[in-house]
Each structure stands twice: as structure tokens, then as C-alpha cells.
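**Q** Provided below are the primary sequence and the corresponding predicted coordinates.
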Protein chains: 2
Amino acid sequence: MSSVRAIAKHLNVSPATVSRVLNNRSNVDEETRQRVLDRINELGYFPQVGRRISNVIALAYPDEPVRTEYGSFEPTLLSGIMRGLEVEQFDLKLLSIRRDKKPDETYTQFFLRKGVRGVVLRCFRHSRPMILEIAAEKFPAIVIAEHFDEPGVNYIRAESYSSCRRAVEHLIALGHTGIALAIHSVSDSDHAERRRAYADALHCAGLAVDPSLIFELPASLSSGEQVLDMIADRRPAITAVFATNPMTSLGLMRRAQERGIQIPGDLSVVGVDDGDVRMHVWPRLTAVCQDASALGYEAAVWLTRTLSKGSNASSGMFRRTTATVFEVNGTAAAPRVVMSSPPAAERSKPSTRRRSAP
Amino acid sequence: MSSVRAIAKHLNVSPATVSRVLNNRSNVDEETRQRVLDRINELGYFPQVGRRISNVIALAYPDEPVRTEYGSFEPTLLSGIMRGLEVEQFDLKLLSIRRDKKPDETYTQFFLRKGVRGVVLRCFRHSRPMILEIAAEKFPAIVIAEHFDEPGVNYIRAESYSSCRRAVEHLIALGHTGIALAIHSVSDSDHAERRRAYADALHCAGLAVDPSLIFELPASLSSGEQVLDMIADRRPAITAVFATNPMTSLGLMRRAQERGIQIPGDLSVVGVDDGDVRMHVWPRLTAVCQDASALGYEAAVWLTRTLSKGSNASSGMFRRTTATVFEVNGTAAAPRVVMSSPPAAERSKPSTRRRSAP
DNA sequence: CCGGCACTCCGCAACTGTTTCATTCACAAG
DNA sequence: CTTGTGAATGAAACAGTTGCGGAGTGCCGG
């Protein structure tokens, strides 16, 4: 369809020059480079080696790929993507943008240089500008687990507001009034949503949102432990926690058990799970569950379908929001002492049994 | 160096024919195909697009890539590989051999078709014949976590015998005599090694190896639960378990806690951890720990170094065995009743406290 | 026995993209 | 005015792949 030679002829340059632009060689005039790039993006050009087109997409990370600290989200996502690739028989390449992209090349140049026709983007809050730039270049891309209002950005995410709200309402229905929130310190739209769900649920139940019960820490086991230490001795007693990510949830539980605080007897914990980490512990974690595998699957299917169907990549936007489910397991129960008085301060509640013993 | 045209000239065929062989087109004579293939493997040929060679290796799985059921081994391995690729600036492709390899093409053909210069192989027991075939074709490859005596196979693995033996000896030193073994049902050399460590440790301590205390089940949470149910009510009492993989270890603990069996009071558990799953639970799992990330790192570094250094891929074998560490945490302790009698049957031991209450 | 047909195998040529080498052109220094 | 230098770029030679057609072979019907 559109070859290097065709582009060259159209612009009255040689194929060599076009190739140089594509590979970001330095010795080409800035004005010429710009003309070539414009034409390339306009045509949705993709290089064919020999006569064959290679069906490869990338899973691109802003920084290091496949971080294990965040629990099972990345591997679960990855396995979903691999399943999705079977539909159109694509292959997957793993890319780190920070590592390989040269500062002076465009994202389109970068991805083409890597021999990739489209890209699934794992996005964090700080990489939003990057995403917008890629979208502006019209390179085929889809963002995982982040929400965008700007046009031209395709994304798929899990809607966690309603499940998170039900989770907090579940705690309230059990009789909890002192409910803490442990939330990721780098805010993305997911976590903003969860925070809002927490506040709304409390508000609708006539409970005040106490800022001192909101703990912002990075998602990790040790954060969960820190949060537990901070809430364990508080008066009025905190009888429940909503932790908005898996590792923090587990850290909370672990530290509680270490200190002899009974779950759910002394403290109710509701968490969030990306995979099946909630099954690793006892009692099983009552949690808002999102299916990262499904996100990856749908993203991969849409991207590869779009690529193999039309030559024009700008066929249509894809913006999908999947549901999460609130799964009741064993870490949330009624607080030990249910009070008949209005939901205000109380101090005599024997919440941590062993600590108050001798 | 060695191009399609060079190979063609040497064999008195046309470049087109060589290309057809490489892409496994059907319309080429079997004898011709074989001659071309031999020549290709002899020269260690790799296709160049344009004039450029692409630095890509694959992480290839016999079946589906990145299974999450086995816990954190795959993602941890993957992140190690990604780190290792930075050294020589290679890229990684994920391949499923079962999905994409056509039955009538050789492994060399398959990998070349995928544009991959070398391959890291995640091997399971049933895929040993495949590995040997790849090695026989002399395609650059390295196997993860499996041991081979056959020449020509490169591998890296973690030696778990000594740590596993120390783990079981640790249990014996604490006073345990009834020690069960929960082991993966599909045996690979790793698990054979762990089984041997178990038997040797018992033997050297003068304890008999009771086959009825060995449970072979697939690595999973539910297997751990099943094992616990099978050992909980046994007489003479089983006071300790050695579980040779992470998920089974966690399943054991979960079910024990569910049934009110105290760990480590009533039952000691020693497990195996590939990543940091031992940190997810309380008490923290006493476990033999292997660093899957380091395996991936070293495999990737060696493979890419070999590829970018010499044109002759058969430069030297790589066989490395890294150490594992036995980490003592909170799930192993002395059995509740230490007996002074010889290590024989006993029946009055109150091992499961709550269950024996009325 | 022969013509026609179908099928297999393979080479030529035309097509991808990339790189090397040489040329052109502007401009500054001698 | 001549010459050197550097940037920009084009022609050509290289890489692998594939459409088309030709040569051979076997088979079947007349």
C-alpha cells in the first residue's frame, strides 16, 4: 500500500531519506524530517520486511515492566493479554519506554523502530502526558486501567466506584462507625474513585468523614503494617479499615495477626484484589475484586482486531469500563460491641482483647 | 555474512527456494528442504531485515505463557529477564510453542519465523523431549530451572537439595518425628531433588520414610488444603509438613487456620517460596527460598552476550546452579508434646486443641 | 499411442526496507 | 578565486519475500 518509495516519491525525496527519518538518523534536515513524519502519520504507515507484515504489538511500560511489588496485577494482566492475542494471532513484545526510547525520537518512530504495530500501555499517574502525546501522534494504542477525558485516547478500565461503595456500606451495615481508609499515595483515577466511594458511603449514612482516618501510603505490605500500627491504639476505636489495594490489605492483616488483634473480631478489613491474593490468607479477604485478566484480554482483542481489519487506524474510539465485584469473605464482621448510642466517640470499647488483658 | 543468496549459491538453488524453506512453504521438495535446513543450522544463519539485525530473544513456553496459578515464579522470572536484557540491549518476545509452532516445521524454522535470535525456555517435565530437539538443532537456547545431563543443553537452575535438607533437618532438630511431604505430582528434577532431600534427612536422623506420609498433588492452594485434611486426623499424629511449592504451602496454612489448628503450635509448616509469597501470611512462612529473578537475569545475560559476541553460537555450554537459602520464619516450632520415648507411635497427643473440645 | 490436464517444484523478476558511497551545495578560510 | 569542510541527500547495492510462469512428471481419456 504505502511504501518507503511511495512516500519518497510523493515528497520528492529519495527512499534513503525516508528510511533515515524512520530510523532517526541525525543527518537529515529538520524541515524534511517533519514533512516525512507528517506523511507517515497521515498514511498510518507500517514497514513491511520483505513482503511480509509482522503482526506484533507491544505491552509498553513507562518504566520497568512487570513490577512484582504491586502484587498480581501485572502477571494477571499479562496472561489476559496473551489469551487475547490468540484471536488474531499476534505476538507480544515487552518494551520499556524509559529504557529504549531516544529522547529526540517521536513515539511513532520508537514503536516502528521496534517493529510493533500497536501498543498496550500500562499507565500510571505520572505517565499521562506521555499517553496524550502518543494519542496525538495517532499511533494505535490502548491504555489499561486509567481514565481519560481527552479525545483520541482509547482505554479500558474497571469501574470500582460502585463496588467500593458497596464495600464501605457493607461495613456500615455491620455496625461500624470508625472506618479508616488506606489509600495509595500516588493518586490515579482509580484511587480517586475509591476515595470518593468511601466518602460518599459515609456521608449517605450520616457519618462524618474524618480526615485523620485517611492514610495515604504507597501500595505495599509494609504500608499496610504501618497503617495498622497507626490505627490500633486510637481512641475512639477504629473497628474497620478499607484498604484500596491488595498488598496494603495483606500487610494490614499480617500486622494485626502479629499483634494478636483478631480479624474480624477486633478489626474488620475490606480490601481490593487484582488477582487471587485474597485466597492466600485466612480468613479469606473480603474484597473488591477486579479481573485484570479480562482487562488485558479485551484490550488485546480490540487492538489486534483494529490493526488487522482496517488500514486506517483511526477507525473508532474504544472506551470500555468493566464492572468489579464485591466479594464477601471472612475478614469483615460486626464490631465486638454494638452500641445503641448515637455514632459518636466512645472510649470503653475493649477492641484489642489481648493487649488490654493484664 | 551468510545470506539467503549465499546459501542458495552454495547449494545450487535459487534464493527463493531458500526463503520458501525458511518460511515452511509447502511447495518445496523434501530432499531440498533438508539440505537447506542442514546448511542453515550449520552456519547459524539469522535473517536480516534490510541491512539491520534485530536483537530480539524470546521467552518461550511449551503451553500458555505466564501462568499465574504457580504463584509468583513466572512474574519474578520475567522481571529478572527484563533486567538482564538491558546489558546487551535486547528485546523480548513472548511465545507459546504449542499455539504457534506448526507441526511440520522445525524449532529453528519456528524461531526464525518469529524473528528471534535466541530463546529462554521455561521447561516442565513433559517438555524435555522438546528441549532436547531444540538443542539438537543447535538453536541458541537456555533452559530455566531444569537439569539436563545431555550435552548441548544450556540451563540455569537453583540447587534446592541442600536447603531442603536443612529445612527437614530443622524440623527434626525441633523434635518432630512425624513429618509429611507434600510434593508436586508432575515430577521434574527440582521436585525429585526435594523429595530426595526429605528422604535423606529422615534417613540420616534414623527416622523411617513412611510412604503414606508422602502426598503427591498438583501445585495449588486446594492441594494444600486437601493435604491438610488428610493429615489432620492421622494417628500417630503428624506434627510437621514440608511442602515443596509456594501455593501448596499457603493452602496448607489456610486450611489449618480454618480448622483451628494452630501454626506452629499444633502443626509446623515448612514451605518453598519463589518470590515473596511467604510474606503474605502470618505467621510468616519458614521456607526454602529461590530467587527466580536471579535465574532470569543470568539466563538473559548469558544468552544475549553469546548472541552479540560470536557468530558461532556453539561457543560454549552454560550450566549454572545457583544456591537457595533456607529462611527461618514463624511457621515451625517444637511439637507441643516432646516425648522421651523412642520415635514410634503415640496416640494420646492432643495435637488439635480446639477440635478435641466438646 | 498420443493429446491434454493437473500437479509439483523451482527460478526470474519485482517488490519490501536499509546502508554505503559518492555527489551536490553552501559557506568559510586562505 | 580557490579550496576545504560539513551537511543533506540520492543512486546503487544489499537484505528477504512473493507472484508468475516454465519445466518436468504422472495420469487419464480418446
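**A** Perfect, I can see it now. Residues are numbered from 1 along each chain as shown, chains lettered A, B, ... in the order given.
**Q** which of the residues in the helix or strand that A:Thr17 is a member of are buried?
**A** Element membership for A:Thr17 (DSSP states H and E) is helix A:15-22. Residues of helix A:15-22 classed as buried by neighbour count (16 or more other CB atoms under 10 Å in any protein chain shown): A:17-22. C-betas here are computed from N, CA, C, even on glycine.
**Q** and stretch A:302-322, by the same measure?
**A** For stretch A:302-322, burial by neighbour count (16+ other CB under 10 Å) applies to A:302-307, A:313, A:318.
**Q** stretch A:330-337 vs chain B: in contact?
**A** No - residues of stretch A:330-337 contacting chain B under CB under 8 Å from any CB of the partner chain: none, with a closest distance of 8.8 Å.
**Q** model confidence over that stretch, on average?
**A** When pLDDT is averaged over stretch A:330-337, the result is 90.
**Q** next: stretch A:198-206.
**A** Rounded mean pLDDT across stretch A:198-206 is 97.
**Q** buried sites along it?
**A** Result for stretch A:198-206 [16+ other CB under 10 Å]: buried residues A:198-202, A:205.
**Q** would you turn the residues you listed into TSV with secondary structure and distance to B:Ser163?
**A** Compiled in TSV, the buried residues of stretch A:198-206 are given as follows (DSSP: H, G, I helix; E, B strand; the rest coil; distance: CB to CB, whole Å):
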residue	secondary structure	distance to B:Ser163
A:Tyr198	helix	44
A:Ala199	helix	49
A:Asp200	helix	51
A:Ala201	helix	48
A:Leu202	helix	49
A:Ala205	coil	52
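**Q** which one of these sits closest to B:Gln262?
**A** Nearest to B:Gln262 out of these is A:Tyr198 (CB to CB; 35.3 Å).
**Q** who's in contact with the closest one?
**A** Contact partners of A:Tyr198, counting by CB atoms under 8 Å, 6 or more residues apart in numbering or on different chains, are A:164-165, A:168, A:179, A:181, A:209, A:242.
**Q** nearest spatial neighbour of it, skipping sequence neighbours?
**A** A:Leu181 (4.9 Å; CB to CB, 6 or more residues apart in numbering or on different chains).
**Q** measure the residue nearest the centre of chain A to chain B for me?
**A** Closest residue to the average C-alpha location of chain A: A:Ala145 at 4.0 Å, with CA atoms, centre = their mean. Computed as CB to the nearest CB, to the nearest Å, the A:Ala145 to chain B distance reads 17 Å.
**Q** correct me if wrong: that residue contacts A:Ala294.
**A** No - applying CB atoms under 8 Å as the test, A:Ala145 and A:Ala294 come out as separate, 11.5 Å apart.
**Q** about what we covered before: between the buried residues of stretch A:302-322, which is closest to B:Ser54?
**A** A:Leu307 (19.9 Å).
**Q** and the closest one, what does it touch?
**A** A:55, A:57, A:88, A:90, A:117-118, A:140, A:313.
**Q** how about the residues of the stretch 1-150 of chain A near DNA strand C?
**A** Contact residues, the stretch 1-150 of chain A versus DNA strand C (CB under 7 Å from any atom of the strand): A:3-6, A:15-16, A:19-20, A:22-23, A:45, A:47-51.
**Q** rerun at 6 Å
**A** A:3-5, A:15-16, A:19-20, A:22-23, A:47-51 (CB under 6 Å from any atom of the strand).
**Q** where does chain A dip in pLDDT?
**A** Within chain A, the stretches with pLDDT under 70 are A:1, A:50-51, A:66-71, A:310-315, A:337-358.
**Q** repeat that for 50
**A** Across chain A, the ranges flagged by pLDDT under 50 are A:311-313, A:338-358.
**Q** counting neighbours, what do you get for A:Ala323?
**A** 12 (other CB atoms under 10 Å in any protein chain shown).
**Q** compute the number of surrounding residues for A:Ala141.
**A** For A:Ala141, the neighbour count with other CB under 10 Å is 25.
**Q** what about it, distance to chain B?
**A** Counting by CB to the nearest CB, the gap from A:Ala141 to chain B is 18 Å.
**Q** dump the residue contacts of that residue.
**A** A:118-121, A:131, A:134-135, A:154, A:303.
**Q** can I get those residues in CSV with distance to chain B and secondary structure?
**A** Formatted as CSV, the contacts of A:Ala141 follow (distance: CB to the nearest CB, whole Å; DSSP: H, G, I helix; E, B strand; the rest coil):
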residue, distance to chain B, secondary structure
A:Gly118, 15, strand
A:Val119, 13, strand
A:Val120, 12, strand
A:Leu121, 17, strand
A:Ile131, 21, helix
A:Ile134, 19, helix
A:Ala135, 24, helix
A:Asn154, 22, coil
A:Leu303, 15, helix
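**Q** which residues touch A:Glu105?
**A** Per CB under 8 Å, 6+ apart, neighbours of A:Glu105: A:24, A:113.
**Q** can you report phi and psi for it?
**A** Per-residue torsions, A:Glu105: phi -110, psi 150 (degrees, to the nearest 10).
**Q** check A:Thr106 too.
**A** Torsion angles, degrees, to the nearest 10, at A:Thr106: phi -80, psi 170.
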